[in-house]
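Novice: Give me coordinates for this.
(one chain, ligands or ions: 1)
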Amino acid sequence: MKKGRGRTSRIRRRKLCRSSQSRGVNESYKPEFIALKKWLKARKFEDTNLIPACFPDTGRGLMSKTSLQEGQVIISLPESCLLTTDTVIRSYLGAYIAKWQPPPSPLLALCTFLVAERHAGDRSPWKPYLEVLPKAYTCPVCLEPEVVTLLPRPLAAEAREQRTRVRELFTSARGFFSSLQPLLPEAAESVFSYGPSCGPGARRVHGAGQRQGLSAEPDTCALAPFLDLLNHSPAVQVEAAFNEESRCYEIRTGSGCRRHEEVFICYGPHDSRRLLLEYGFVPRGNPHACVPVSQDMLVKYLPSTDKQMNKKISILKDHDFIENLTFGWDGPSWRLLTALRLLCLEAGEFLCWKKVLLGEIISDVNEKKSLDIAQKICRYFTEEASAMLQKVSHMKDKEMALIHQLTLVETLWTEELKILRASAETLSSLQTAVRDSPRCLRSPPLLGVAPSAGCDA
Ligand SMILES: C[S@@+](CC[C@H](N)C(=O)[O-])C[C@H]1O[C@@H](n2cnc3c(N)ncnc32)[C@H](O)[C@@H]1O
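Specialist: Got it, this is the predicted structure:
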C-alpha cells in the first residue's frame with residue numbers, strides 16, 4: 001500500500017486538520033500578559049490552565065494548557081480583581097458621584113472610571129488590565145456611517161439608535177465630567193472626549209441592586225479582568241456565578257475541552273444580528289442565526305384586494321404572531337408559516353383562524369399558497385443579500401481603510417445567504433410534498449398537527 005493511504009494516516013491527517021483549524025498561537029509571553037498575570041497574582045488570583053492566544057477564526061481568546069473535564073471550574077476570579085460600581089464609589093470619584101445631581105447611572109460611573117484611569121497611565125493601579133483591553137471596537141456604534149448603510153435595514157436602524165443613545169449619554173454627562181476638573185491635570189473636555197474607544201463590553205457578573213449615589217438603572221455590569229478574554233461559542237454550556245463563600249466569580253465548564261483548544265463561554269443564545277449589535281462580531285454557522293421577516297415583507301406578496309386583510313393583521317397582532325417570524329437553517333419557522341397560513345385563508349376558510357394558530361393545516365390550497373408566499377419572500381431576501389454582497393465587495397476594493405468593518409458586514413450577509421438557501425431548499429421539498437401527495441395521504445402531517453375537520457367561529 002502506498003504511504004499515507006492507510007487508516008492511520010487518514011486519522012492523523014484529520015487530527016492535524018482539526019487542530020490547525022482551532023489551534024491558537026500562544027500570546028502569554030507578550031509583556032502586557034506577563035504584567036497582567038503578575039497583577040492578578042498580587043490580587044490572589046490562582047494560576048489557571050488557560051493562557052492568552054490568538055485563534056484563526058475568533059481572534060484573541062483563551063487556550064487550554066490541559067484537557068478540561070465537564071463540570072470543572074476553569075476560572076475563579078477573586079472579588080478584588082473585579083471592577084464594579086463599588087470599586088468606583090470607593091475610589092477618588094466617589095465623593096464627586098455623591099455630590100452630582102441627578103445621580104450618574106452605574107454605566108456612566110464605570111465608563112468615567114475607566115477613562116480617568118486610562119488617562120492616569122502609569123499612576124493607575126488598573127494599568128495592567130487597561131493595557132490588554134482591545135484597542136478598537138466593531139460594535140455598530142463604532143462603524144462608519146457608510147458601512148452602517150450596508151447592514152440589513154432593521155439592523156442599520158438599531159445601529160443608528162445605539163449611536164444616538166451613546167451620544168446622548170455622553171452629552172448629558174458633560175456637566176458631570178466638568179465637575180471632575182479638580183482631579184485632572186488637563187481640561188476635562190480633552191480627557192472625556194467623545195470617541196469610539198470609550199469602553200469595552202462589560203460583563204453581567206453581579207446581581208442587580210442600587211448603589212448609593214447612583215441612579216436607579218440596573219447595576220448589573222462589572223469588568224472582569226482575564227475572564228473577559230473568553231470568546232463566545234453557542235455550542236458550549238457554562239455556569240457562571242459569584243461564590244459567596246470563596247468571594248470569587250467562578251466559571252464552570254459544562255462541556256469538556258481538549259488540550260490546546262480554545263476555551264469558550266456562551267454569551268447567550270443570540271442570533272447573529274444581535275451578536276453584531278451588542279458585541280461587534282458575526283460567528284460562522286451560528287445555530288441561532290436567522291433572517292427575520294418584517295410585517296411589510298409578510299404582506300408584500302399577498303393580494304391587496306383581500307377585504308379581510310386588516311382583520312387578519314389584527315388577529316396576528318393580538319396573538320403575538322407579527323414579530324419573531326424568521327427563516328432559519330431548518331427553513332421557515334413554525335411561527336412564520338402559521339402567520340402566512342392565516343393571511344392566506346380564503347374568505348370561506350376565515351372562520352378557521354383559531355385552528356390555524358393552533359397549528360392545524362386547513363386545506364391543501366391554503367398550504368400551497370402559504371408555502372409559495374414563503375418561497376417568494378425567501379427569494380426576495382436572497383436577491384437582496386446577493387446584491388448587498390456585491391456592493392460590499394466593490395466597496396472593499398475602494399475603501400481599504402474600512403476593510404475590517406466591511407468584512408464584518410460581508411460575513412453577516414454571507415451567513416444570511418446560507419440560511420436563505422437552506423430555507424429555499426426546505427421550502428421546495430415542502431412544496432413538492434404538497435403537490436405530489438394530497439393531504440389525506442400525508443402521514444404524519446407536514447408542518448402542523450392533524451388535518452382539521454370543521455371550523456368554528
Ligand atoms: C469578552 S471579549 C472576548 C475577548 C476578546 N476577543 C479580546 O481580544 O479581548 C468579547 C469580544 O470578543 C470578540 N469575540 C467574542 N467571541 C467571538 C467569536 N466567536 N468570534 C469572533 N470574535 C469574538 C468580539 O469582539 C467581542 O466583542
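
Novice: how's the chain carved up into domains?
Specialist: 83-223, 291-441 (automatic domain parsing).

Novice: partners of whichever residue of the stretch 101-250 of the chain sits closest to the ligand in the sheet?
Specialist: Residue nearest to the ligand within the stretch 101-250 of the chain: N231 (3.3 Å; Cβ to the nearest ligand atom). The C-beta positions use only the backbone N, C-alpha and C, and glycine is treated the same way. For N231, the beta-bridge partners are F264 (DSSP bridges).

Novice: Let me see the contact set for it.
Specialist: Contact analysis of N231 by Cβ atoms under 8 Å, 6 or more residues apart in numbering lists 55, 58-59, 61-62, 262, 264-265.

Novice: Just the pLDDT for C440.
Specialist: For C440, the pLDDT comes out at 55.

Novice: what does L16 give?
Specialist: Looking at L16, its pLDDT reads 44.

Novice: Could you do T48 as well?
Specialist: Confidence score, pLDDT, at T48: 82.

Novice: so it makes contact with I74?
Specialist: Yes. Counting by Cβ atoms under 8 Å, I74 is a contact partner of T48 at 6.7 Å.

Novice: Pass me the low-pLDDT residue ranges in this structure, would you?
Specialist: 1-22, 196-210, 438-457 (pLDDT under 70).

Novice: near the ligand, which residues of it show up?
Specialist: With the criterion set to Cβ under 6 Å from any ligand atom, the chain comes near the ligand through 58-61, 134, 201, 228-233, 279-281, 283.

Novice: buried subset of those?
Specialist: Buried subset of the residues of the chain next to the ligand (neighbour count, 16 or more other Cβ atoms under 10 Å): 58, 61, 228-233, 279-281, 283.

Novice: Show only the entries of these found in helices.
Specialist: Y279 (DSSP state H).

Novice: Can I get the domains of the chain in CSV including distance to S67?
Specialist: Listed next are the domains of the chain as CSV, based on distance: least, Cβ to Cβ, whole Å:
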stretch, distance to S67
domain 83-223, 26
domain 291-441, 30
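
Novice: what ranges do the strands span in this structure?
Specialist: Assigned strands in the chain, in chain order: 25-26, 50-55, 59-64, 73-78, 203-204, 221-222, 231-232, 238-243, 248-253, 262-265, 291-292, 326-328, 331-332 (criterion: DSSP state E).

Novice: Of the ones you listed, flag the one that's most buried.
Specialist: Greatest average neighbour count among those goes to strand 331-332 (a mean of 26), per mean count of other Cβ atoms under 10 Å.

Novice: buried residues in stretch 427-434?
Specialist: 427, 430-431, 434.

Novice: and what of stretch 395-403?
Specialist: Quick answer for stretch 395-403 (16+ other Cβ under 10 Å): 395-396, 402.

Novice: need the contact list for the spatially most central residue of the chain.
Specialist: Among the residues of the chain, the one closest to the centroid is L275, at 1.7 Å (Cα atoms, centre = their mean). Contact analysis of L275 by Cβ under 8 Å, 6+ apart lists 232, 267, 281-283, 286.

Novice: if I look at L427, how far off is the ligand?
Specialist: The gap separating L427 from the ligand is 30 Å, by Cβ to the nearest ligand atom, to the nearest Å.

Novice: Setting aside sequence neighbours, what's the nearest residue to that residue?
Specialist: Residue nearest to L427 in three dimensions, not counting chain neighbours: Q375, with 4.8 Å by Cβ to Cβ, 6 or more residues apart in numbering.

Novice: pretty sure the one you found contacts L430?
Specialist: No. Using Cβ under 8 Å, Q375 is not in contact with L430, being 9.1 Å away.

Novice: those helices in the stretch 251-400 of the chain, which residues are they?
Specialist: 272-279, 295-300, 309-318, 334-343, 353-357, 364-398 (DSSP state H, counting those that start in this stretch).

Novice: of all those, which lies closest to P152?
Specialist: helix 272-279 (7.0 Å; Cβ to Cβ).

Novice: For the strands of the chain, give me CSV that also has distance to A422.
Specialist: What follows is the strands of the chain, written out as CSV (distance: least, Cβ to Cβ, whole Å):
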stretch, distance to A422
strand 25-26, 33
strand 50-55, 26
strand 59-64, 27
strand 73-78, 34
strand 203-204, 33
strand 221-222, 36
strand 231-232, 22
strand 238-243, 28
strand 248-253, 30
strand 262-265, 24
strand 291-292, 11
strand 326-328, 8
strand 331-332, 7
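
Novice: Quick one: closest of these to V191.
Specialist: strand 221-222 (22.0 Å).

Novice: and that closest one, which strands flank it?
Specialist: Looking at strand 221-222 with DSSP bridges, its partner strands are strand 203-204 (antiparallel).

Novice: contacting residues around the closest residue to the ligand within the stretch 51-200 of the chain?
Specialist: For the stretch 51-200 of the chain and the ligand, the shortest gap (Cβ to the nearest ligand atom) falls at R60, measuring 3.3 Å. The neighbourhood of R60, defined by Cβ under 8 Å, 6+ apart, consists of 27, 52-54, 134, 229.

Novice: For it, name its beta-bridge partners.
Specialist: With DSSP bridges as the rule, R60 is bridged to C54.

Novice: Could you measure from it over to R23?
Specialist: 14 Å (Cβ to Cβ, to the nearest Å).

Novice: burial measure for L133, as a count.
Specialist: Neighbourhood size, L133 [other Cβ atoms under 10 Å]: 17.

Novice: Same question for L371.
Specialist: 26.

Novice: correct me, but it touches S428?
Specialist: No. Using Cβ under 8 Å, L371 is not in contact with S428; the gap is 9.1 Å.

Novice: Would you list the phi and psi of the nearest residue to C81 once chain neighbours are set aside?
Specialist: Excluding its sequence neighbours, the residue lying closest to C81 (Cβ to Cβ, 6+ apart) is R43, at 4.9 Å. Phi and psi for R43, reported as degrees, to the nearest 10, are phi -100, psi 20.

Novice: give the contact list for R43.
Specialist: Per Cβ under 8 Å, 6+ apart, neighbours of R43: 78, 80-81.

Novice: Who are the contact partners of the closest residue to V191 other than its chain neighbours?
Specialist: In space, and not counting its chain neighbours, V191 is closest to H119: 5.0 Å by Cβ to Cβ, 6+ apart. By Cβ under 8 Å, 6+ apart, the contact set of H119 is 184, 186, 191.

Novice: contacting residues for the last one?
Specialist: This points to V191. 115-116, 119, 177, 184.

Novice: what's the answer for the second one, then?
Specialist: Taking Cβ under 8 Å, 6+ apart as the contact definition, E186 lies against H119.

Novice: I appreciate the help and will end here.
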